[in-house]
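A.B. asks: Make a model of this:
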Amino acid sequence: MPHPIMFSDDDPVLNRLREVALAFPDATEVVAHGRPTFRGGKMFGMYGGGVKGGPQFETSLLFKVEENDRAALEQDARFFYPAYVGPYGWLGLDLSKKPDWREVAELLDASYRLIAAKKLIARLDDGERPAELR
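C.D. replies: Alright, predicted model coming up:
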């Protein structure tokens, strides 16, 4: 049985997130588990998530994070430890209150660099990146 769709294509935050995420080299969007995911070969971002047994953040970004950056980010109340993917190096950022799109782009950049092939990272370093990072 397929997962129900848990987003709306007319969501303005999702549409803005798409602009940022799909500007990375060879980035694609795939719906998985009912949510939009962004991939550069492997997944580097997901829209929407929640805390296991806790609150849901339907307007949020899940992203991979270096372990040494996790503790600092978790001190900020906008970030959360997401169900299912948290143990695999992911954090969530609540986007429901006027997100800083440069910060979002920087978090996606770091996440992308953790999963992308060297040739894609080289393209990123050569300037193929979201406008927020130029």
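A.B. asks: Every contact and neighbour count from this point should use C-alpha atoms.
C.D. replies: Noted.
A.B. asks: tell me which helix or strand of the protein sits lowest on mean pLDDT?
C.D. replies: Of all helical and strand segments in the chain, the minimum by mean pLDDT, DSSP states H and E falls on helix 67-74, at a mean of 94.
A.B. asks: The most centrally placed residue in the chain bridge partners, please.
C.D. replies: By C-alpha atoms, centre = their mean, the chain has its centre lying nearest to residue 45, at 2.9 Å. Counting by DSSP bridges, residue 45 is bridged to residue 38, residue 63.
A.B. asks: Which stretches in the protein count as strands?
C.D. replies: Using DSSP state E, the strands of the chain run over 28-32, 35-40, 42-50, 56-64, 79-80, 90-94.
A.B. asks: got the contact list for the first one?
C.D. replies: Okay, so that is strand 28-32. By C-alpha atoms under 8 Å, 6 or more residues apart in numbering, the list of residues contacting strand 28-32 from outside reads 22, 36, 37, 38, 39, 40.
A.B. asks: Name the member of the residues you listed with the most neighbours.
C.D. replies: Neighbour counts for the contacts of strand 28-32 peak at residue 38, which has 26 neighbours (criterion: other C-alpha atoms under 10 Å).
A.B. asks: re the thing from before, highest average neighbour count across the strands of the chain?
C.D. replies: Most buried of the strands of the chain by mean neighbour count (mean count of other C-alpha atoms under 10 Å) is strand 90-94; its value is a mean of 24.
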